[in-house]
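Engineer: any chance you can model this:
(2 chains)
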Amino acid sequence: MTVRIVVLAKQVPDPETPPSQFKIDESSNTVILPNGVPPVVNGFDLNAVEAALLLRDSGADVEITVLSVGSDFVMDAMKKPLAMGADRLVLVEDEGLDKLDSSATVKVLAAAIQKDGPFDLVLGGRQASDWDQAHVTLGLSEVLGLPLVSLVQKLELNGDSVSLQRVIPDGYQAITSPIPAVLTVTNELGEPRYPNLRGIMQASRKKPEIFSLADLGLSADDLAPKLELKKLYVPESNKQVELIEGEDEADSGKKLALRLREEKLI
Amino acid sequence: MTSVLLVAERDEQGEISQATLQAVAAANGLADAQVTIAIAGDAPSSADSLNAEKVVTLSAIDASDLGIYEQATADVAVLVATTNPDVVMFNKSDFGSIVGARLAFRTDSAFAADCIEISNANGAVSVTRPVYGGSALAEFDIVSIPAIVTLRAGAYEPSAESGSPSVEAADSAASVDQKAQVTDTVAEARDGVRLEDANFVVSGGRGLGGPEPFSVLTDLANVLGGAVGASRAACDAGWIDHSHQVGLTGKSVSPDVYIAVGISGASQHMAGCSSSRAIVAINKDGDSNIFKEARFGVVGDWEKILPSFLATVRELKA
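Structural biologist: Got it, this is the predicted structure:
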């Protein structure tokens, strides 16, 4: 029997943008994307896609659906999970859906999962690289009423349960959970695979399935925020570095050690 | 009055953790605060001198539920339903991040994670939290009650004030159906000092170019009596185990000296080391962000700089 997996994926500004190019429009409290740097799928969500693909590699019969909520999707970015090997892309796209707070996001995701489901596994990345909240997937487990295991670095399907490794500071926990279950996947799982040419060709032919809010039986009124963003800004750094320069690099290394001793740091 | 339910955590000795004492200060810093502290398991010896009105003990956390926290989530949810606090505060820890988020979505409440500041100056609760990997700060008004928040460690000084709270056990433990179960805990071997406790951390990043240079960093860490850290890029590349990762999604360290070698200093990395007393940067790119965060820096090739640095440190330590 096919195991249906849904992977949550979010479109975010490229986190590799150098800090010097990271700018905010303080009048609208939004990030100004630098010219020519397209958004990407949140890297941690690609870890979750990879986790689903590893289950397929291990011989499991899986169908992998990628689900995202937002507006102004950039298809080249959002199709990356398809190019990696996922089967379907489901987008909930409507005006303002890129500015939801997490409680509203969870409502929309839950509605989409209920409409498009049932699913046996719900996978999310450990956090998104824009708002760093790390709780949408956790919250979804509550709304869906499913068991939750976070920070998964390894997973194995055994019939109607999953065996998991959950990362802890100095090792891991072995955890067994019945399915359906909600899991967050951490980057310790390993680097997401690069799409190959065949995958990219296949992805280019696939069309995303698009839901509007109305398709999910939701309206903007259901999505009132619990948190209101008042101010978004880049904090000022007043640190001044003291550069150590010797006659050559080896001499700089020596002078650095002496300078640290002078400051009683070593 | 602002009623605050603070869900406490313990240190390795079973006493109230430093991070929780910081949260106690944050809770009492709210205008007109009335603080209740909840803690799983028996009350620690310091409970009756905490700066709070009341201390409530909850069910102890079963080993099979550690990291999942069905029971703790259910117990705190009962306490919230019966006491209607305005603010529920957790530490931004594994426990607080999970129980806080589960509680918020179970009770359809507002949740703000990893806050560095909380206030209630104008009636509403406001929080500040780092976003975009620490590149920016965001200020939010929380417009529904209760406000459930997790507080970043180090954001507040620990509370020095003491009080004389009543200490009582919660009425009854909520019954839960724990589905996911921890069956085993595997500790991975570690040499020397724990990264989080080290006074010196020598970290390497993408600029090292491969796994071999970490042996030089290990030599330096050993001479200093410190530990080896790494950027996420170095860990993800497989050059060193993820247990060494410092940053937003790795470990947070606050050594006296943090030596960053070949690390560009992305905000996500700095989030894990910015509370170090002094950051020392060695990087061949003088424009990299690490030099904006560092107190001392050398621009150049680490392969030429580190050996003489290590030799000089050895002489100084001899």
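Engineer: what about A:Asn196, how many residues close to it?
Structural biologist: For A:Asn196, the neighbour count with other C-beta atoms under 10 Å in any protein chain shown is 12. Every C-beta, even on glycine, is put in place using the N, C-alpha and C of the backbone.
Engineer: the stretch 1-150 of chain A: helices as residue ranges?
Structural biologist: Ranges of helices in the stretch 1-150 of chain A, per DSSP state H, counting those that start in this stretch, are A:43-57, A:75-78, A:80-84, A:102-116, A:136-144.
Engineer: ok, and what's touching the last one?
Structural biologist: Spelled out, it's helix A:136-144. Identification of contacts with helix A:136-144 by C-beta atoms under 8 Å, 6 or more residues apart in numbering or on different chains yields A:8, A:102-103, A:105-107, A:109-110, A:113-114, A:122-125, A:128, A:147-148, A:150, A:180-184, B:97-98, B:101-102, B:104-106, B:111.
Engineer: circling back to that earlier point, need the helices of the stretch 1-150 of chain A in JSON lines (columns: mean pLDDT).
Structural biologist: Listed next are these as JSON lines, based on pLDDT from 0 to 100:
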{"stretch": "helix A:43-57", "mean pLDDT": "97"}
{"stretch": "helix A:75-78", "mean pLDDT": "95"}
{"stretch": "helix A:80-84", "mean pLDDT": "98"}
{"stretch": "helix A:102-116", "mean pLDDT": "97"}
{"stretch": "helix A:136-144", "mean pLDDT": "97"}
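Engineer: so which of those is nearest B:Ala237?
Structural biologist: B:Ala237 lies closest to helix A:43-57 among the helices of the stretch 1-150 of chain A, at 13.9 Å (C-beta to C-beta).
Engineer: contacts only, for A:Phe119.
Structural biologist: Counting by C-beta under 8 Å, 6+ apart, A:Phe119 touches A:4-6, A:65, A:113, A:180.
Engineer: could you rerun that using 7 Å?
Structural biologist: Contact partners of A:Phe119, counting by C-beta atoms under 7 Å, 6 or more residues apart in numbering or on different chains, are A:4-6, A:113, A:180.
Engineer: so which bits of the stretch 51-200 of chain B are right by chain A?
Structural biologist: By C-beta under 7 Å from any C-beta of the partner chain, the part of the stretch 51-200 of chain B that sits against chain A consists of B:67-68, B:97-98, B:101-102, B:104-106, B:110-114, B:131-133, B:135-144, B:179-188, B:190.
Engineer: now, which of the contacts of A:Phe119 sits nearest B:Ala121?
Structural biologist: Comparing those against B:Ala121 with C-beta to C-beta places A:Ile113 closest, at 39.3 Å.
Engineer: and the gap between the closest one and B:Gly134?
Structural biologist: A:Ile113 is 31 Å from B:Gly134, where distance means C-beta to C-beta, to the nearest Å.
Engineer: who has more neighbours, these two?
Structural biologist: Taking other C-beta under 10 Å, A:Ile113 and B:Gly134 do not tie; A:Ile113 has more neighbours (24 against 20).
Engineer: among the contacts of helix A:136-144, which ones are in strands?
Structural biologist: Among these, the members found in strands (DSSP state E) are A:8, A:122-125, A:148, A:150, A:181-184, B:111.
Engineer: wait, doesn't A:Val127 sit right on A:His135?
Structural biologist: One correction, residue A:127 is Gln, not Val. No: using C-beta atoms under 7 Å, A:Gln127 is not in contact with A:His135, being 8.2 Å away.
Engineer: quick revisit: buried among the residues of the stretch 51-200 of chain B next to chain A? Need that as a selection in ChimeraX.
Structural biologist: A single ChimeraX command selects the buried members of these (16 or more other C-beta atoms under 10 Å in any protein chain shown):
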select /B:67,68,97,98,101,102,104,105,106,110,111,112,113,114,131,132,133,135,136,137,138,139,140,141,142,144,179,180,181,182,185
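Engineer: next up, the contacts around the residue nearest the centre of chain A.
Structural biologist: Central residue of chain A (C-alpha atoms, centre = their mean): A:Asp45, 3.4 Å from the mean position. Each residue near A:Asp45 by C-beta under 7 Å, 6+ apart is listed here: A:7-10, A:124-125.
Engineer: repeat that with 6 Å
Structural biologist: A:Asp45 makes contacts with A:9, A:125, as judged by C-beta atoms under 6 Å, 6 or more residues apart in numbering or on different chains.
Engineer: quick one, helices of the stretch 151-300 of chain B?
Structural biologist: With DSSP H, counting those that start in this stretch, the ranges of helices along the stretch 151-300 of chain B come out as B:214-224, B:232-236, B:267-270, B:290-293.
Engineer: buried residues in stretch B:149-166?
Structural biologist: For stretch B:149-166, the neighbour count (16+ other C-beta under 10 Å) marks B:149-153, B:155-156, B:159, B:163, B:165 as buried.
Engineer: just checking: what are the partner strands of the worst-scoring helix or strand of chain A on mean pLDDT?
Structural biologist: The weakest-scoring helix or strand in chain A, judged by mean pLDDT, DSSP states H and E, is strand A:30-32 (a mean of 89). Sheet pairing of strand A:30-32 (DSSP bridges) gives strand A:23-25 (antiparallel).
Engineer: can you give me the domain boundaries for chain B?
Structural biologist: If you go by automatic domain parsing, the domain ranges for chain B are B:2-169, B:195-317.
Engineer: pretty sure B:Val125 contacts B:Ile142?
Structural biologist: Yes: taking C-beta atoms under 6 Å as the definition, B:Val125 is a contact partner of B:Ile142 at 4.5 Å.
Engineer: which pair in the contacts of A:Phe119 spans the largest distance?
Structural biologist: Once C-beta to C-beta is applied, those give A:Ile5 and A:Ile113 as the farthest pair, at 11.4 Å.
Engineer: what about the closest residue to B:Gly262 other than its chain neighbours, how many residues close to it?
Structural biologist: Distance criterion C-beta to C-beta, 6 or more residues apart in numbering or on different chains; nearest residue to B:Gly262, sequence neighbours excluded, is B:Gly207 at 2.4 Å. By the measure other C-beta under 10 Å, the count of residues near B:Gly207 is 22.
Engineer: just B:Ala237 next, same as before
Structural biologist: 17.
Engineer: got it, and B:Val193?
Structural biologist: By the criterion of other C-beta under 10 Å, B:Val193 has 17 neighbours.
Engineer: and the closest residue to it other than its chain neighbours, how far from chain A?
Structural biologist: The shortest distance from B:Val193 to any non-neighbouring residue, by C-beta to C-beta, 6+ apart, is to B:Ala227 (5.1 Å). Distance check for B:Ala227 against chain A: by C-beta to the nearest C-beta, to the nearest Å, it reads 12 Å.
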